[in-house]
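Student: quick one, fold the following:
(2 chains)
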Amino acid sequence: MILLGIESSCDETSAAVTDDRRILSNIIATQKIHETYGGVVPEFASRSHLKQLGGLVRIALQQAGRTLMDLDAIAVTYGPGLAGSLLVGLGFAKGLAVSLGKPYIGINHLEGHLLATEEELDYPYICLLASGGHTLLIVVQGALHYRVVGRTVDDAAGEAFDKVAKLLGLGYPGGPLIEASAVRGKGAAVSFPRALMEEGNLNFSFSGLKTAVLYHCRSLSPEALRAAIPDICASFQAAVVDVLLHKSLAAVRRHHSRTLVLAGGVVRNTFLRNQFEQTCRQERISLVIPPFELCTDNAGMIARAGYVHLARGERSDLELDVAPNLSL
Amino acid sequence: MNETVHISGMDYDLVHRMVSRSVEQTVRYAAEWAATLPCGETVAFYGGLGSGKTTFIRGMVAGLNGENAVSSPTFTLVNAYTGRCPIYHVDLYRIDSTALLRDVGLEDYINPESICLVEWPEIAASFLPAGHRAVRLSMDFDQMGPETRLIEVLQQHDSRH
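Tutor: Numbering: from 1, shown residues only, chains lettered A, B, ... in the order given. Reported below is the predicted structural model:
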């Protein structure tokens, strides 16, 4: 089955072509414009999705060596995300489906992350999804059978990186900037709090950590603060990764799983990957990290999830509307 | 004679001022205050990063019998919760012009049936209804210590009266 996947839920516009679950092409356009604004700017986002999508689909088809006429179906993200951005993708997909006379299916963006990996995994497996908008621990109990067992009660992990980078005056996006600075600092320099670490609690809280960084900065003179930024970054990063790792392992144990899958933009952090790899090796847990371009928002994972649903005979009708607050 | 507070070009009457010594105290106060709020109200939240806006809102949603977990809408822009009336939790942190604000559709969330809670409302001053409520959270490390917050409950001075 040749599938076109479309993703436009936040700041990335992406188009992908897959053959069943095999990815033939996966083109991602990140909107550089956001760097100047210190965040995702929705109207810019939806306008530039609109501008980019047609071209991206053409490139994705070209790279895959296919044409529009080869497509058997279309898979598109319909939530969660920014309403205007989602509308661009969903409208495009519906229009193309109607004009080609082919079926299409709306996909939950979060499910896309869960199904991003190509490997066939043993159930149950645990997925940690950590991005700018989400921090979730999910038990995948069977095919298309998910249960959220942990979530953030305030800020998402990626949001904490962005806001701490802003507090430190580093800029946007926060993740790579904090990671780069942390390389020159010591993770044990400042003991920042790890929240909700009590036995049995799989939820996350990063708001107190953000506030603790703020308190720490305020306690230093401007010169001392400038000198301490690498240590603060390393210590903050260590605190976030500690909590993510601790709770992921707790979820693996509680749900008698042997497999942990990582997803979301935060997974691009090298320190995080190293810590997870080292610990999972010791604990004999098989750790699955999809390639970078499948970790962040991309249409390849949407097409993969679409394939799983379409293969079961599911279709969306033209009444389907965007669902900005969609959950799993 | 009420004390008047000026924030981002607007005049507010001070309704209540208190010092909270802990997150728990803030959450409890927020819940009690929210329980007295009629549906249709809009509340603007002033305060810097880490001042406790989302924490206060978590307390309010509990006080409004909200069933959903409150999380930061910084990336999602709007969270919707079901309580004794629909609750919209809007975060304008990433919005830096009124043109972009239109894309958020703030006016859709301000209506007589719902309660609309707006973090980082400065950009939306002209969109907030006359007589809206506000909560200002401030901290002063040197004077009060890290856990302590000054909470001010305000109501916009309605010039029509």
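
Student: any buried residues in the longest helix seen in chain B, and which?
Tutor: As assigned by DSSP state H, the longest helix anywhere in chain B is helix B:23-35. Buried positions in helix B:23-35, judged by neighbour count with 16 or more other CB atoms under 10 Å in any protein chain shown: B:Val23, B:Gln25, B:Thr26, B:Val27, B:Tyr29, B:Ala30, B:Ala31, B:Trp33, B:Ala34. For the C-beta atoms, the positions are set from N, CA and C on the backbone; glycine is no exception.

Student: and the first one, what does it touch?
Tutor: Meaning B:Val23. By CB atoms under 8 Å, 6 or more residues apart in numbering or on different chains, the contact set of B:Val23 is B:Gly52, B:Thr55, B:Glu147.

Student: mind checking pLDDT for the residue nearest to A:Ala228 when sequence neighbours are not counted?
Tutor: In this structure, A:Ala228 finds its nearest non-sequential neighbour in A:Leu220, 6.0 Å apart by CB to CB, 6 or more residues apart in numbering or on different chains. pLDDT, A:Leu220: 93.

Student: ok, back up a step: so which of the buried residues of helix B:23-35 is the closest to A:His216?
Tutor: Of all the buried residues of helix B:23-35, A:His216 sits closest to B:Val23, with 17.9 Å by CB to CB.

Student: B:Asp96 contacts B:Ile123, doesn't it?
Tutor: Yes - counting by CB atoms under 8 Å, B:Asp96 does reach B:Ile123; the two are 6.7 Å apart.

Student: higher neighbour count, those two?
Tutor: Legend: neighbour count by other CB atoms under 10 Å in any protein chain shown for B:Asp96 and B:Ile123, higher for B:Ile123 (19 against 14).

Student: show the pLDDT at the more buried one.
Tutor: 91.

Student: pretty sure it sits against B:Tyr93.
Tutor: No - in this structure B:Ile123 lies outside contact range of B:Tyr93 using CB under 8 Å: 9.6 Å.

Student: quick check: neighbours shared by these two?
Tutor: In contact with both B:Ile123 and B:Tyr93: no residue, using CB under 8 Å, 6+ apart.

Student: so where's the chain uncertain?
Tutor: All of this is about chain A. For chain A, applying pLDDT under 70 flags the ranges A:30-48.

Student: my question was about chain B, not that one.
Tutor: Applying pLDDT under 70 to chain B flags residues B:1, B:99-100, B:103, B:141-142, B:159-161.

Student: which residues touch residue 152?
Tutor: Just going to use chain A. Listed by CB under 8 Å, 6+ apart, the contact partners of A:Thr152 are A:His134, A:Thr135, A:Leu136, A:Asn203, A:Phe204, A:Ser205, A:Phe206, B:Ser71, B:Ser72.

Student: to clarify, I was referring to chain B.
Tutor: B:Glu152 is in contact with B:Val5, B:Leu14, B:His16, B:Arg17, B:Val135, B:Arg136, B:Leu137, B:Ser138, counting by CB under 8 Å, 6+ apart.

Student: the residue nearest the centre of chain B: which element?
Tutor: By CA atoms, centre = their mean, chain B has its centre lying nearest to B:Phe45, at 3.2 Å. For B:Phe45, the element it lies in under DSSP states H and E is strand B:42-46.

Student: give me the sheet partners of that strand and which way each runs.
Tutor: strand B:115-119 (parallel), strand B:133-138 (parallel) (DSSP bridges).

Student: pick the most buried one from those strands.
Tutor: strand B:115-119 (a mean of 26; mean count of other CB atoms under 10 Å in any protein chain shown).

Student: related to what we said a few turns ago, check the contacts of B:Val23 against chain A, which are close?
Tutor: Under the cut-off given by CB under 8 Å from any CB of the partner chain, chain A has B:Gly52, B:Thr55 from the contacts of B:Val23 close to it.

Student: and the contacts of B:Val23, which are buried?
Tutor: Buried members of those, scored by 16+ other CB under 10 Å, are B:Gly52, B:Thr55.

Student: so of the contacts of B:Val23, which ones are in helices?
Tutor: Under the assignment DSSP H, those contribute B:Thr55 to helices.

Student: A:Lys210 in helix, strand or coil?
Tutor: Under DSSP: H, G, I helix; E, B strand; the rest coil, A:Lys210 falls in the helix class.

Student: other SSEs contacting the longest helix along chain A?
Tutor: Ordering each helix of chain A by length in residues (DSSP H) puts helix A:222-254 first. Secondary-structure packing of helix A:222-254 (3 or more CB pairs under 8 Å, 6 or more residues apart in numbering or on different chains; DSSP states H and E): strand A:125-130, strand A:135-142, strand A:145-151, helix A:157-167, helix A:174-182, helix A:207-218, strand A:259-263, helix A:270-282.
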